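what's the 3D shape of this:
(one chain, ligands or ions: 3)
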Amino acid sequence: MFDMKYPNRLRLVADALAQSETLVLTCHVRPDGDAIGSMLGLGEALEASGKRVFYFCEDRPGQNLLFLPGTDKLEHTPPEPFPAGASLVVLDCSEAQRIGEHGERLVEQAERLIVMDHHLGQDMCRDYPKSAPDPDTRCVQYINPDIFATGAICFAVIDELGWNISPDMATNFYAAILTDTGSFVHSNTTSLAFEMAARLVEYGADPYEISDRLFERVPFRKLALLSLSLRTLSLEIEGRLAMLHITPSMLEEAGAQVQDSDDFVRYARCIDGVEVSAFIKEPEPGKVSVSMRSRSWCNVAAVAKALGGGGHFHAAGFRQPGSAAEWREQLVEILTPLFREHDAEVSHSA
Ligand code: AMP
Ligand code: MN
Ligand code: MN
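Numbering: from 1, shown residues only. Ligands and ions are numbered 1, 2, ... in the order given. Sure thing, here's the model as predicted:
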């Protein structure tokens, strides 16, 4: 068994899964490798123990995730009617709105709610469901922002249950962990990440194949879009904030899709001296989706939360109306006081 924080909560989640006959698994909109890997890996384990499983994710996964075993089972409209007595399992997010348009309705319809997540999100059980006779078991959640991937929580739960891990499940969980640790380089990478990865390789995950499929088969148009976006890369706040963006006309010029730009924030993040990096996507005129990263002291999850989004301390995002050009200015305005506050604290303590 793995050394996980909050073992009692992990046990409650494991019991709730084991007791459910029918489950609807879901994750956040615009799913990444962690969201999809968690859904498919956990779903296979549940199916293998004789349960009826539905897989609902509002958006389609990106092309690079389609090799994951079980993606053919994903539905993009919720099961209608909601299966009687089913548990809703919310993965890689802990807010109904992050599931998408149908999120709140699904949460209301579920007989039982099971949440596994690693974001600085919300307590989904707090007001679920208000009328539950036994709120302790009607809603169970394992939310641990210290853990690198939701796939790791799913793996630990299955391990706790003593269920078998197939090579396909191992592939999904390995992909989840690889995605959210940035291939074991992000600050969330712990010895547990390597311990789990080693176990998953023993169970049949192929590290070369998974990394190759996830990251090394990009379409040319992605690099065409990157070359346009890199022209917008600039430094602000004494070289400590880096920003870049894409606009609808760049997407058109490159013949690219907005998903092609998912990891562009890394080109701002990697610059020496940069504390906060931001990538502003304007997929259609007047709407932006912003990815933020920080290197050390800046809590970008708090910044994102104040703007209606969320995430982790060092990686967060939000969506807002407005253009990329407007949000470049907005971000400088919002972040400058945080840098000044930080500078004051540092000079105070020096
Ligand atoms: P991204 O920049 O899209 O890679 O997201 C970084 C982190 O922030 C991920 O953990 C996301 O789940 C989270 N995040 C991004 N956008 C939002 C949003 N609109 N609302 C809540 N969390 C978000
Ligand atoms: Mn995710
Ligand atoms: Mn995740």
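
and the residue lying closest to residue 172 once chain neighbours are set aside, how many neighbours does it have?
Counting by Cβ to Cβ, 6 or more residues apart in numbering, residue 172 lies nearest to residue 41, which is 3.5 Å off, once chain neighbours are set aside. C-beta: built from backbone N, CA, C; applies to glycine. The number of residues packed near residue 41 is 31, by other Cβ atoms under 10 Å.

Might one say that residue 274 is in contact with residue 239?
Yes. Between residue 274 and residue 239 there is a contact at 7.0 Å, judged by Cβ atoms under 8 Å.

about what we covered before: who's in contact with the residue nearest to residue 172?
By Cβ atoms under 8 Å, 6 or more residues apart in numbering, residue 41 lies in contact with 151, 154, 155, 158, 168, 169, 170, 172, 173, 176.

Model confidence for the second one, exactly?
Put plainly, it is residue 154. pLDDT for residue 154: 98.

Repeat that for the one 10 residues further on.
With respect to pLDDT, residue 164 scores 97.

before we move on, what about the one 10 residues further on?
On pLDDT, residue 174 comes in at 99.

quick one: which of residue 274 and residue 239 has more around it?
When neighbours are counted by other Cβ under 10 Å, residue 274 and residue 239 differ, and residue 274 comes out ahead with 20 against 12.

For the more buried one, give me its contacts.
Taking Cβ under 8 Å, 6+ apart as the contact definition, residue 274 lies against 235, 239, 240, 241, 242, 268, 295.

Stretch 63-83 and ligand 2 in contact?
No. Against ligand 2, stretch 63-83 shows no contacts by Cβ under 5 Å from the ion, the least distance being 11.5 Å.

what about that stretch, distance to the chain center?
17 Å (Cα atoms, centre = their mean, to the nearest Å).

With stretch 282-290 instead?
On the basis of Cα atoms, centre = their mean, stretch 282-290 sits 20 Å off its chain's mean C-alpha point.

can you list the residues of this protein near ligand 1?
For the chain, the contact set with ligand 1 under Cβ under 6 Å from any ligand atom comprises 28, 98, 119, 291, 309-312, 315-319.

what's the pLDDT at the residue in the stretch 51-200 of the chain that ligand 2 sits nearest to?
Shortest the stretch 51-200 of the chain-to-ligand 2 distance, computed as Cβ to the ion: residue-wise this is residue 92, at 4.3 Å. For residue 92, the pLDDT comes out at 98.

doesn't residue 30 make contact with it?
No. With contact defined as Cβ under 8 Å, residue 92 does not reach residue 30; the gap is 11.1 Å.

Between those two, tell me which one has more neighbours.
Each of residue 92 and residue 30 has its neighbours counted (other Cβ under 10 Å); residue 92 has more, 30 against 20.

I'd guessed residue 32 sits against residue 179; true?
Yes. In this structure, residue 32 is within contact of residue 179 by Cβ under 8 Å, at 5.7 Å.

Low-confidence stretches in this structure?
Counting by pLDDT under 70, the chain has low-confidence residues at 129-136.

Can you tell me which of the residues of the chain next to ligand 1 is closest to residue 343?
Here the nearest of these to residue 343, counting by Cβ to Cβ, is residue 316; it sits at 21.8 Å.

Tell me how far the closest one lies from residue 335.
According to Cβ to Cβ, to the nearest Å, residue 316 and residue 335 sit 13 Å apart.

what's the overlap in contacts for these two?
Shared contacts of residue 316 and residue 335 (Cβ under 8 Å, 6+ apart): residue 303.

need the longest helix for the chain.
Longest helix in the chain, counting residues (DSSP state H): helix 324-349.

Okay, helices next: where are they in the stretch 251-350 of the chain?
Secondary structure of the stretch 251-350 of the chain, counting by DSSP state H, counting those that start in this stretch: helices at 265-269, 300-306, 324-349.

do the chain as well
Under DSSP H, the chain gives helices at 7-19, 33-48, 96-99, 103-109, 135-138, 150-161, 167-180, 191-202, 207-215, 220-230, 248-254, 265-269, 300-306, 324-349.

can you tell me which residues contact whichever residue of the stretch 151-300 of the chain sits closest to ligand 1?
Closest residue of the stretch 151-300 of the chain to ligand 1, Cβ to the nearest ligand atom: residue 291 (2.9 Å). Remark: with contacts taken as Cβ under 8 Å, 6+ apart, residue 291 is in contact with 264, 265, 278, 279, 281, 315, 317.
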